[in-house]
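Trainee: Need coordinates for the following:
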Amino acid sequence: MDYFNSNIGKSPIFESLLRSAKMVAATDVTILIKGETGTGKEMLATAIQKESPRSDKPFITLNCAALPEGLVESELFGHKKGAFTGAVANKQGLFHAADGGTLFLDEINSLPLAIQTKLLRFLESGECLAVGETKPYLVNVRIIAATNSDLNKQIAEGSFRQDLFFRLNVVPIEIPPLKDRTEDIEILINHFLSQFATSYSIIPPKFNKQTLKVLRSYNWPGNIRELRNLCERLSILLSGQTIEPENLPHEFTTHLSSTSDCVFVLPENGIDLDDLEASIIHQALLRTNGNRSKSARLLGLSRDTLLYRIKKYGIAAQ
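Mentor: As a prediction, the model looks like this:
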């Protein structure tokens, strides 16, 4: 997915993210990308690298949670032969490999405290120290870090250095969860279906309006990654067919069953439908403290439709 060149979102919250990302891409500033698992933090980091002055230089990635604590330091900074058991030769680390380019540190929240100290030293001086060496080496590397956790909470707990946080958080970019940009779900579906139709040489399926409504009301705990996986599965299993709600996995429709027995009883004297709709919208806004994206989800509407109806009924901001 290309954040900058593909039509993958038009929601205001996503367009705001893109504007920020494009501005910082043209600089060498350190970036901290925040977002839930599956929101596309590495894809955004890759897009920033491609649009940066370092685009023709190395782009190295490391998931800080993927390596045992004892190997992280050697992987990042390298080691000297004999520095520890198993160090049978000198090894250059990822900082050396990324010299001139960009190093993307995913799940920076998992970085051990001792390594946080060495990373802070690099950010302040450009110096790295290989394990077992006494003389540091200099590299020119841009850092893009990402986290799916609350670093302020980790700072309070003593598991993340506050001074490192300040160094990383020069320009924070927060990727919204998919549940907060439901207006983009249909756009993303079309993007993924087209992608898989090309990859697998198949006819893409179509999602009917009722199915799209179900998908917009779903909470998406796996975010864009979960949507992509769903599109890939349905592209293969139901190529060229129309996707009905019953074709979706069980978890997408179970949350609807609890409300399926709730039937509105029309009063004997009838109702004013406009007044009822305005009242329900007002209640949704009160319940979400005026958050229009969350209100739209409660009502099963797109955010644009909700904004139109708020304007139509002259509902004041909460």
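Trainee: Wait, residue 93 touches residue 77, no?
Mentor: Yes. Because the distance of 4.4 Å satisfies CB atoms under 8 Å, residue 93 is recorded as touching residue 77. C-betas here are computed from N, CA, C, even on glycine.
Trainee: which neighbours do those two share?
Mentor: Residues touching both residue 93 and residue 77 (CB atoms under 8 Å, 6 or more residues apart in numbering) are 128, 130.
Trainee: Roughly how far does residue 94 sit from residue 79?
Mentor: Here residue 94 is placed at a distance of 12 Å from residue 79 (CB to CB, to the nearest Å).
Trainee: Same check on residue 218?
Mentor: Counting by CB to CB, the separation of residue 218 from residue 79 is 47 Å.
Trainee: go on, residue 113?
Mentor: Noted for residue 113: a distance of 19 Å to residue 79, by CB to CB.
Trainee: okay, those two: which has more neighbours?
Mentor: Between residue 113 and residue 79, counting by other CB atoms under 10 Å, residue 79 is the more crowded of the two (22 against 12).
Trainee: The more buried one contacts residue 92, correct?
Mentor: No. With contact taken as CB under 8 Å, residue 79 and residue 92 are classed as non-touching, separated by 9.2 Å.
Trainee: where in the protein is pLDDT low?
Mentor: Counting by pLDDT under 70, the chain shows low-confidence ranges at 1-3, 5-7, 255-268, 317-318.
Trainee: Need the residues that contact the helix or strand hosting residue 22.
Mentor: Element membership for residue 22, per DSSP states H and E: helix 12-25. Residues outside helix 12-25 that contact it (CB under 8 Å, 6+ apart) are 3-4, 9, 31, 44, 47-49, 51-52, 171, 173-176, 180-181, 184, 293, 303.
Trainee: Out of these, name the ones that lie in strands.
Mentor: 31, 171, 173-174 (DSSP state E).
Trainee: Skip the chain neighbours and tell me the closest residue to the spatially most central residue of the chain.
Mentor: Within the chain, the residue whose C-alpha comes closest to the C-alpha centroid is residue 39; the distance, by CA atoms, centre = their mean, is 2.3 Å. Of all residues beyond its chain neighbours, the one nearest residue 39 is residue 175 (4.3 Å), with distances taken as CB to CB, 6 or more residues apart in numbering.
Trainee: Now the one you found, what are its backbone angles?
Mentor: When quoted as degrees, to the nearest 10, the phi and psi of residue 175 stand at phi -90, psi 120.
Trainee: and if you look at residue 205?
Mentor: In this entry, residue 205 is assigned phi and psi values of phi -70, psi 170 (degrees, to the nearest 10).
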